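# the following comprises the amino acid sequence and a computationally predicted model.
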Amino acid sequence: MTPLNQALRAALDYRQDLINELHAQGTDCYRLFHGSQEGAGGLTIDRYGPQLLVQSFHQSLETADLLDLHQLINQFMGLELLLVYNDRSRGNSRIDREDTVYRAEPAALVDLVGHEWGLNYRVRGRHAGQDPLLFLDLRNTRGWVKAHSAGKSVLNLFAYTCGVGLSAAAGGAREVCNLDFAEGNLAVGRENGLLNPQLPTMEFVQSDYFPAIRQLAGLPITQRRGQKLPSYPRLEQRQYDLVLLDPPAWAKSAFGTVDLLRDYQSLLKPALLATADNGVLICCNNLAKVSMDDWREQVLRCAEKAGRPVRDWQIMTPGADFPSQDQQPPLKTLILQL
């Protein structure tokens, strides 16, 4: 057995109880192999319902290794999962090389459906973006939102494909607003809504983060001298009972810069002001180089200065399918009670 197969076998054995638990709660989307934490740097293997998504970020997988691991996982799961291999080691996640194994069967590339917490999600092995349509390390947080949103107004910032909004709607939220800059992301969010026809409809707002959140928070939208701002949707100042802030590591627009390393405060302060008294703000930071302790101190200090001190907080860690040897997973999530 090759070292890779040995590492994969150990990873699957380690997950056996978790997988049974996830299946029982209506989840068939989870990580089966987590890169360097389990013995193969830059290799991730995820199940998304009927699909097996293999991604390599450092070096390409050989055909034999890819076929071996597909067979090993199918045997372990007792399923015939549809293989999609995205080689992202060459700076482009969607290079399909000539060997047919990299091309994926047509059945693997059609629109599929995966499940999490009993909800239906759109699954696409390849699409215009680089990343899968559902980030699996946020599953525990989506579960928390589903369990704590009954009767609440919910604002999902940097909503991506609206999984948190969907979870809130499923948990009985009285209103859900999903905000994202990319229409393509929100289009998948709308699809996710349609895949769960039993849920109430959600609101979708396509906007840059800064003008939207600053309007909600009652703050002015600043303009650089001599620069005309692009148009943006007008929103009324208001607060929400439950707000989720899950920004990308870095992004720049005419309205401001998202920079989790140097300036988390400019994202956090208006989100705090848009959260109701006795409300909850869930904030995330996906930078591996930032420690949870340092970031938490920064968040609590910012809340204090903004006049929205935190009454209580808890840490939400990713599921056991995202093991972290040093107990410092890249995705850090704080649930703040204001």
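Arrived safely.

# wait, what's in contact with Ala303?
Leu268, Leu272, Pro309, Val310, Leu336, Leu338 (C-beta atoms under 8 Å, 6 or more residues apart in numbering). (Glycine included, C-beta is placed from N, CA and C.)

# in which helix or strand does Ala10 reside?
helix 3-24 (DSSP states H and E).

# mind exporting the helix or strand following that helix as PDB, just the C-alpha atoms?
Using DSSP H and E, the helix or strand that directly follows helix 3-24 along the chain is strand 29-34. Extracted as PDB, the C-alpha positions of strand 29-34 are listed here (Å, rounded to 0.1, in the frame of the first residue of the first chain):
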ATOM      1  CA  CYS A  29     -21.200  16.800   2.400                       C
ATOM      2  CA  TYR A  30     -18.000  16.600   4.400                       C
ATOM      3  CA  ARG A  31     -14.200  16.400   4.100                       C
ATOM      4  CA  LEU A  32     -12.600  13.000   3.800                       C
ATOM      5  CA  PHE A  33      -9.000  14.000   3.700                       C
ATOM      6  CA  HIS A  34      -7.500  17.200   5.100                       C
END
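
# ok, back up a step: helices or strands up against the helix holding Ala10?
The contact analysis (3 or more C-beta pairs under 8 Å, 6 or more residues apart in numbering; DSSP states H and E) places helix 3-24 against strand 29-34, helix 63-77.

# most tightly packed of these?
Compared across the helices and strands packed on helix 3-24, strand 29-34 shows the largest average neighbour count, a mean of 22 (mean count of other C-beta atoms under 10 Å).

# is Pro323 in a helix, a strand, or coil?
coil (DSSP: H, G, I helix; E, B strand; the rest coil).

# confidence score at the closest residue to it other than its chain neighbours?
Closest residue to Pro323 apart from its sequence neighbours, by C-beta to C-beta, 6 or more residues apart in numbering: Gln37 at 5.0 Å. According to the prediction, Gln37 has pLDDT 97.

# shouldn't Gln37 be within a helix?
Yes - per three-state DSSP, Gln37 lies within a helix segment.

# pretty sure it is touching Asp326, no?
No - between Gln37 and Asp326 there is no contact under C-beta atoms under 8 Å: 9.4 Å.

# grab the most central residue of the chain for me.
Phe135 (3.5 Å; C-alpha atoms, centre = their mean).

# how close does that one get to Gln37?
17 Å (C-beta to C-beta, to the nearest Å).

# same question, Gln237
Here Gln237 is placed at a distance of 44 Å from Gln37 (C-beta to C-beta).

# now for this protein, the helix or strand with the poorest mean pLDDT.
The helix or strand of the chain with the lowest confidence, counting by mean pLDDT, DSSP states H and E, is helix 106-109 at a mean of 88.

# noted, bye for now.
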